[in-house]
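Q: Provided below are the primary sequence and the corresponding predicted coordinates.
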There are 4 protein chains.
Amino acid sequence: MNDMFYPGRVDFDDICPLDYRYYKLVPTAFAALSPYVSEAAHVRYQLLVEKSAAQTLADFGLCGEEIADSICKACDNVTAEDVYRLESRTHHNIAALVRSIQHLAPEPARPYVHLFLTSSDVMDTAMALRLRDLTRHVVLPVLCALERTLIEQSRHAAELVQIGRTHGQHAVPITYGFALASYVSRLGGRIAVISRAASELRGKASGAVGAYNAHCMASAAAGWDPEDFESAILGRLGLRPADHSTQIVQPEFMTDLVYAVLSCFSVLANLADDVRHLTRSEIAELRTIAPAGEVGSSTMPHKVNPFRFETVKSLWKSFAPRMVTSLMDQISEHQRDLTNSASSRFAIELFAAFVIAAGLMQQALGGLEPDALQMRNNLSASRASIASEAIYVSLAMRGVPDAHERVRTAAAEARRNGTDIFDALRGADESAALVADLFSDEARWDSAAYTGIAIRKTRQVCDAWERQLSGLES
Amino acid sequence: MNDMFYPGRVDFDDICPLDYRYYKLVPTAFAALSPYVSEAAHVRYQLLVEKSAAQTLADFGLCGEEIADSICKACDNVTAEDVYRLESRTHHNIAALVRSIQHLAPEPARPYVHLFLTSSDVMDTAMALRLRDLTRHVVLPVLCALERTLIEQSRHAAELVQIGRTHGQHAVPITYGFALASYVSRLGGRIAVISRAASELRGKASGAVGAYNAHCMASAAAGWDPEDFESAILGRLGLRPADHSTQIVQPEFMTDLVYAVLSCFSVLANLADDVRHLTRSEIAELRTIAPAGEVGSSTMPHKVNPFRFETVKSLWKSFAPRMVTSLMDQISEHQRDLTNSASSRFAIELFAAFVIAAGLMQQALGGLEPDALQMRNNLSASRASIASEAIYVSLAMRGVPDAHERVRTAAAEARRNGTDIFDALRGADESAALVADLFSDEARWDSAAYTGIAIRKTRQVCDAWERQLSGLES
Amino acid sequence: MNDMFYPGRVDFDDICPLDYRYYKLVPTAFAALSPYVSEAAHVRYQLLVEKSAAQTLADFGLCGEEIADSICKACDNVTAEDVYRLESRTHHNIAALVRSIQHLAPEPARPYVHLFLTSSDVMDTAMALRLRDLTRHVVLPVLCALERTLIEQSRHAAELVQIGRTHGQHAVPITYGFALASYVSRLGGRIAVISRAASELRGKASGAVGAYNAHCMASAAAGWDPEDFESAILGRLGLRPADHSTQIVQPEFMTDLVYAVLSCFSVLANLADDVRHLTRSEIAELRTIAPAGEVGSSTMPHKVNPFRFETVKSLWKSFAPRMVTSLMDQISEHQRDLTNSASSRFAIELFAAFVIAAGLMQQALGGLEPDALQMRNNLSASRASIASEAIYVSLAMRGVPDAHERVRTAAAEARRNGTDIFDALRGADESAALVADLFSDEARWDSAAYTGIAIRKTRQVCDAWERQLSGLES
Amino acid sequence: MNDMFYPGRVDFDDICPLDYRYYKLVPTAFAALSPYVSEAAHVRYQLLVEKSAAQTLADFGLCGEEIADSICKACDNVTAEDVYRLESRTHHNIAALVRSIQHLAPEPARPYVHLFLTSSDVMDTAMALRLRDLTRHVVLPVLCALERTLIEQSRHAAELVQIGRTHGQHAVPITYGFALASYVSRLGGRIAVISRAASELRGKASGAVGAYNAHCMASAAAGWDPEDFESAILGRLGLRPADHSTQIVQPEFMTDLVYAVLSCFSVLANLADDVRHLTRSEIAELRTIAPAGEVGSSTMPHKVNPFRFETVKSLWKSFAPRMVTSLMDQISEHQRDLTNSASSRFAIELFAAFVIAAGLMQQALGGLEPDALQMRNNLSASRASIASEAIYVSLAMRGVPDAHERVRTAAAEARRNGTDIFDALRGADESAALVADLFSDEARWDSAAYTGIAIRKTRQVCDAWERQLSGLES
């Protein structure tokens, strides 16, 4: 996914930046997302459920095959616009959908459209279906591609030494590959969680209050089972019911997916922050490469800014708080109130925004270059203080009881006097002096080699997730 | 504002329900909002700022009047689409805006376009401007109309006795007008807060880091003052600067308005909840009147649902958590990071959703009927227990030290025995018996008259806010 | 868990209602929670990690057994107060912990305390450990007990007919047991999710930046593997590492548990709301039984309020938004910033509040009585309109193409004229008249029997979760 | 306020870090906050309201002076523990409060305790009162002291040149004083907003449903006015009623204060972030000075970390999302539901946490030193690219139509070739060459002088807020 712009599709009357900017303006985003996230897709998925219901009626001998076929054919010809036109009279979206189908179906078929179903049977099942498809066909592939990019960049920089940082301060060295491997592992973990949550989505066809009341009008006499009927409708679509529903599917299946995606979004936001800070003018361990023609500032012509990473973080800020809407939407009075009518419509936005953010991240990583020289320079600046952990551990293993405090005091003294810790320790006592000598000589101790098992770990993590990805993608 | 549907304008590829449903589908919403909240409007407001800057350059003798005029004329001809077309090359929206203007301006005028300004000067000022206009021309009028409706309904029901409810339990009586007057007062208060926050919005024209660096290249020699220059640009637009800015306007002015609107949104949500509960089948003190043709359920033909009130609550659930995004967007590193790039674009959505919710509420209140008989019935059902407060106070004023506990015990006993509190008290002692007699006789004590000063208070509140509204609207 | 009060333990200087009210005031809550959620427990768990580290040093031959034993013994004698006393000097909690141990350990053991570890090794591992224990020993048992209560009440009311409600309006009938079975299923599902998330918690012992740098000072020569060393420390505590860590454990394991608990909290809040509404004076299908002496209102002696259910909902309102803090805490710059220092301390509050809410719910359900007569009355009031779904389906199955619209029109007409739907249909046409007759006669159609498979489903759900519980608890 | 620790007061059974760590551990925090935020204070403020009510009864001739005096005396002797002891029986906190007073009052006085009042009259009024006092006596003084510190440091560094930063990249120069002045202005603005919100808090004494029902039992005959009675009770406490209340005070007054504080908290968090980044090892323009004995890391003895700034940010992360709880608590069904019972108890925590954060910030700023040399070094590193804005403006003012694009291209070329922008421009054309010469010579152009009006603005802002502070504090 890249962010080439194509304004031709944009409706400049739009309010929402997803619509006018991050999606309809960007052909790759539009092509990937519109089959699932557009309102047209929303209606199309509802029609899939109505088709499945009609076919199931025929399967159960409740109507003839030709009736079911004619309903399916009608469904294929209903458009979102048809439905909206009727809704202006019914003020009820599924009633409008049903009548749109009936309008195109032959008269004998009409009573069988939507028979036994309540609106939520169609809406909740359609939502589960499109989220499952969107996750499988877009979200997971985009994330897996991003994971492969991270693996590749992580492997490539497995030995590229970088100072580790905690509290924004130099700590002890790692490699840049090791830093990236953290994201390989975290993103990998989230991919698994998202995949599981999507596969747990459920539909329903249990009627107005979940008790299959209408079904029983017919089934009692005819000897078929309402739960079998529901399973058949859903089974045709590759879905299952939960073990209990009311008017609606239990909200938790959906909330789990929203959470899975948002917790993954945070991982992207963290990576974006790390890159932003590593491109700071003074740190400069990463460089963003501006394509020819790209402008950084309308008044400062020299600026090159990590704006794609900023956008990823900014999208996260827009969407993370919406988790609370999902938690609120778990609450519905009795067999259902409808205070999730609008909020459940907005829910799809998260998935679109997340795919867009992941696509931006993918593209932005492609325009990112580590600067090995600068990494080495930054590391060198802290050579002496980095040694302090190594010195403390050496002293401790020589049995010095207050090893940490001694080194801390020496480091503070060195800072105060503008000298280095080796001198400060030499002035202390015999064992300290010995150790100081051991570390002060670059020939014997090289801070750039003090990277623990960073290199090995980087490769381990990349290998492990590469295997996992192959599993997921097969 | 009503919700007649007009699908002709809808783009069914849209993702966001604001775009495809609550706004472009509803002509009144579209007409009211699009001049302020659309992306086209966004660009148009930025052009207003560029025009003001050009005119100010001329005012300060930094370019000729004809130069300024030609820039203004160019601005009038730039469209959002032009800007987006160029942005596909610059990857910078304001650079694209500037070049779009320059493209339509004569060559000698080009260097004066956007001179001294940074992108945020244009973006933040344009945002302040459009929010100020949107608030003045749409938000406040819509709220004032709603307030007038509430005042009217409150007055009308000033004497309509209703049982007061706390914890969902019958408490003591009020009037329905008094219950509505609570919303007259709360909404009135929020109107004042929104109005004040909108009038406090600020712009800026202080350049890249807020220190007027570029201005000083020119002003130092020429003897004009950069702050005067900024004030002039903003003054032409009816805005002021804050007393300090960085690359951006201090975020708090905007956050204040977001909060003002959200806290008003909660008031609407509360009213929506109250109505929803008062329309419950068992309570039924309010009735929603379905227009002919409106369908309540796709399987239960008898249903009439308070769905507009549900939608108001649901929109609130979608938007309330976004307050946290605004709080996050107050934080910007140093003179500014750009992690509010996307989130500040989403900010406009709240204002659109709020106007839509207020419009829905207005329309829904118009289709609401109090049922006086049912109110009387519900009240009667608790006649005896309502008396308990009056009895307790009477006993207390007669000097009974444990008056409350006595009445509580009697009420519990009555509940246990299925009798009424008067009998239970009569069985107690002399003074209780006396008081019980006083209250048990409808001729002497009428629970429907135990409404305190509810009627007077209702009228007081309506009068007060009617006066305030006149002030606001003049 | 019940809410008997014991003020003796309360510190009235406390700010937090968890401390002074919901926990220290309630002996059962205090006894259950304090071993895990108190600050004393926090320190105790950190000491467990230091003990495991010392023992592992001995296991790996890095120190003698007697050294490890003396460290463990010292750990057993360190108190939270000791640590805080030292922290007033070190301004670093783990440095204070380490020195507190060293102070009580013999001199030769001192260098081995905390060797190779960074503070987060101890803190994150201790946090995982105490959350795992808290979940296993308190959260899950409390939830399983609640689930058993719901199962019991659901079974008991399996055949108790109740009107189903959507939009707060009467829909079609279910049974009260069926309504409860929804919570059996939803709570059951959440118990599984919480259990899984707790079992996925991870620790770490990989040092300052996750690369085992300090370990390698020693291991390189001595031939042991730093990852084995980490696994050994964690293994002694029943934990595992993730496949990559930085200074800290990947935050997602913890975020998953926070989410699992919050999504379960929403289920409790939903149940609380349902009960609150069913106890409303007009609905009155459920009654809360006030213990003798309980006061409902300080001025209205007759009030009996569902306050425990209100408290559950209110606790949910306090904690649901904190999910956003967890999402923010997933972001930590580079190998770690410390902007989660305070927020991670607050994280434990959620678990305490949730256990308290679940305990309250358990207790409150015990004081709840369904009123079968009132349920029957409420149902009867809607007898005619309930029939509308059955009539529509009957007509549709007789091949009437616009069956739904006919019945809807008839229902609206009946509402308008104050008659009933049967009369309205009789006035329509032949087939409608036929059907109307079928349903208008109570002998042939009983709305209380129109409950679909509600009874069977109730038992199915109860059976299924009873089996699952047995599995979980064994 | 400083953070010296005093573990003696800590209850290590506490769960909440506010209680065991940030407050009871820190004597200055405890002394400042406990009179307002503790549970003991909570009860004390409720007793103040009961006293005022008793005195008002006497003022209105509804009881004798000696009765009122005896109630006041009883109130003075009631403790929080007394109330909690009784609450274990009443399960109602205000009923327990009332009976605690009655228990200590002579029998004839007992019926007059709490007469006409409902619990919320006492609770909401007490909450308004303690928040008003807390704001006046603690929040505002702490913020004003912080503002003075910022003013002082801003003035002191008014001329200390620093590179301005946007997107984390070097932009154009400012001064460090100017950067701080941004916080002087923003914090100043928030102080004004907090002060206003606190002065708008309201109380109530309008009874069970806000209609003064009980009052009217007595007033009707006796000729006093229930609203006068309420005003008198509140007036004695320095409060006013709103123009309408239900059982509770309109929530918006409180929500406004919560918002005011949170929006100020974000300003502190922003400052904390800026400092954190300016202390990064590579940037190092600010240094945190560790007191002797302070430990930065338990394994890396050299570390000095900006942990107090991290704690401020972390507290913000814990509390910012709680704004959503406040928005939810605006919604209360009918005259009131009680789903804010627990959440309103938690509300006080924000104020405590905010005061603690502001105190930490104050203390941390005192330990912060700007490093002038490092600021100069960082600035120098970007000398050439900083010039690009100045060059572009110079070219534009010489009439070059595509000045910005030319300089941008030259800057990109310079970056690519590792040369500087002056050379790149010299290779362009005549006018560019001329300008390049103008700027390449340090004698004629000094990037450190390109600070616009940063110095003047710094002083302006400091002067303005110093005046405002004097106004506020007088």
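A: Perfect, thanks for sending it.
Q: what about the strands in the stretch 351-474 of chain A?
A: Ranges of strands in the stretch 351-474 of chain A, per DSSP state E, counting those that start in this stretch, are A:368-370.
Q: enumerate the residues of it near chain B.
A: A:Ala352 (CB under 8 Å from any CB of the partner chain). (Glycine included, C-beta is placed from N, CA and C.)
Q: pLDDT of the strand or helix carrying A:Ala31, averaged?
A: Secondary structure assignment for A:Ala31, by DSSP states H and E: helix A:27-37. For helix A:27-37, mean pLDDT is 97.
Q: for it, packing partners?
A: helix A:39-59, helix A:119-134, helix A:341-366 (3 or more CB pairs under 8 Å, 6 or more residues apart in numbering or on different chains; DSSP states H and E).
Q: show me what contacts A:Arg89?
A: A:Ala96, B:Gly293 (CB atoms under 8 Å, 6 or more residues apart in numbering or on different chains).
Q: host element of it?
A: Counting by DSSP H and E, A:Arg89 is found in helix A:80-90.
Q: restrict that helix to CA atoms and write it as PDB.
A: C-alpha atoms of helix A:80-90 as PDB (Å, rounded to 0.1, in the frame of the first residue of the first chain):
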ATOM      1  CA  ALA A  80     -27.500   0.300  -1.300                       C
ATOM      2  CA  GLU A  81     -29.300   3.300  -3.000                       C
ATOM      3  CA  ASP A  82     -32.500   1.300  -3.400                       C
ATOM      4  CA  VAL A  83     -32.500   0.500   0.300                       C
ATOM      5  CA  TYR A  84     -31.900   4.100   1.300                       C
ATOM      6  CA  ARG A  85     -34.600   5.300  -0.900                       C
ATOM      7  CA  LEU A  86     -37.100   3.000   0.800                       C
ATOM      8  CA  GLU A  87     -35.700   3.800   4.200                       C
ATOM      9  CA  SER A  88     -36.800   7.400   3.800                       C
ATOM     10  CA  ARG A  89     -40.300   5.900   4.100                       C
ATOM     11  CA  THR A  90     -39.900   3.100   6.600                       C
END
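Q: in stretch A:137-145, what's buried?
A: For stretch A:137-145, burial by neighbour count (16 or more other CB atoms under 10 Å in any protein chain shown) applies to A:Val138, A:Val139, A:Leu140, A:Val142, A:Leu143, A:Cys144.
Q: highest mean neighbour count out of the helices and strands packed on helix A:27-37?
A: A comparison of these by mean neighbour count, using mean count of other CB atoms under 10 Å in any protein chain shown, puts helix A:119-134 on top with a mean of 25.
Q: helix or strand right after that one?
A: Assignment by DSSP H and E places the next element after helix A:119-134 at helix A:140-156.
Q: pairing partners for the helix or strand following that following helix, with directions?
A: Following helix A:140-156 in sequence order, the next helix or strand is strand A:161-166 (DSSP H and E). Strands adjacent to strand A:161-166 in the sheet, as given by DSSP bridges, are strand A:169-175 (antiparallel).
Q: so is the helix or strand of chain A with the lowest mean pLDDT next to chain C?
A: Every helix and strand in chain A was compared by mean pLDDT, DSSP states H and E; the lowest is helix A:430-440, with a mean of 81. No: judged by CB under 8 Å from any CB, helix A:430-440 and chain C are separated, with a smallest distance of 10.7 Å.
Q: what's in contact with that helix?
A: Contacts for helix A:430-440 (CB under 8 Å, 6+ apart): A:387, A:390-391, A:394-395, A:398, A:400, A:406, A:410, A:420-423, A:425-426, A:444-445.
Q: which of the residues you listed are buried?
A: By neighbour count, with 16+ other CB under 10 Å, the contacts of helix A:430-440 hold A:387, A:390-391, A:394-395, A:400, A:406, A:410, A:420-422, A:425-426, A:445 as buried.
Q: now the stretch 151-300 of chain A, which segments are flagged as low pLDDT?
A: Of all residues in the stretch 151-300 of chain A, none has pLDDT under 70.
Q: would you check that A:Pro226 makes contact with A:Cys216?
A: Yes: A:Pro226 is within contact range of A:Cys216, at 6.3 Å (criterion: CB atoms under 8 Å).
Q: among the buried ones among the contacts of helix A:430-440, which are in helices?
A: Counting by DSSP state H, the members of these that fall within helices are A:Ala387, A:Ala390, A:Ile391, A:Ser394, A:Leu395, A:Arg406, A:Ala410, A:Ile421, A:Phe422, A:Leu425, A:Arg426.
Q: format the residues you listed as CSV; extra columns: pLDDT and distance to B:Ser52.
A: Below are those laid out as CSV (pLDDT from 0 to 100; distance: CB to CB, whole Å):
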residue, pLDDT, distance to B:Ser52
A:Ala387, 87, 59
A:Ala390, 90, 62
A:Ile391, 91, 63
A:Ser394, 90, 68
A:Leu395, 92, 68
A:Arg406, 90, 66
A:Ala410, 89, 62
A:Ile421, 85, 59
A:Phe422, 87, 63
A:Leu425, 87, 65
A:Arg426, 86, 68
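Q: is stretch A:410-421 in proximity to chain C?
A: No: on the criterion CB under 8 Å from any CB, stretch A:410-421 is out of touch with chain C, staying 13.0 Å away.
Q: any buried residues in that stretch, and which?
A: A:Ala410, A:Ala411, A:Ala412, A:Glu413, A:Ala414, A:Arg415, A:Asp420, A:Ile421.
Q: for the third one, give me its contacts.
A: Contacts here follow CB under 8 Å, 6+ apart; on that basis A:Ala412 touches D:Ala290, D:Ala292.
Q: my guess is A:Glu230 meets A:Ser206, correct?
A: Yes: using CB under 8 Å, A:Glu230 makes contact with A:Ser206 at a distance of 5.7 Å.
Q: for these two, work out which one has more neighbours and name it.
A: A:Ser206 (32 against 26; other CB atoms under 10 Å in any protein chain shown).
Q: ok, the closest residue to chain B within the stretch 351-474 of chain A to A:Tyr22 distance?
A: Here the stretch 351-474 of chain A gets closest to chain B at one residue, A:Ala352, 5.2 Å apart by CB to the nearest CB. A:Ala352 sits 8 Å away from A:Tyr22, going by CB to CB, to the nearest Å.
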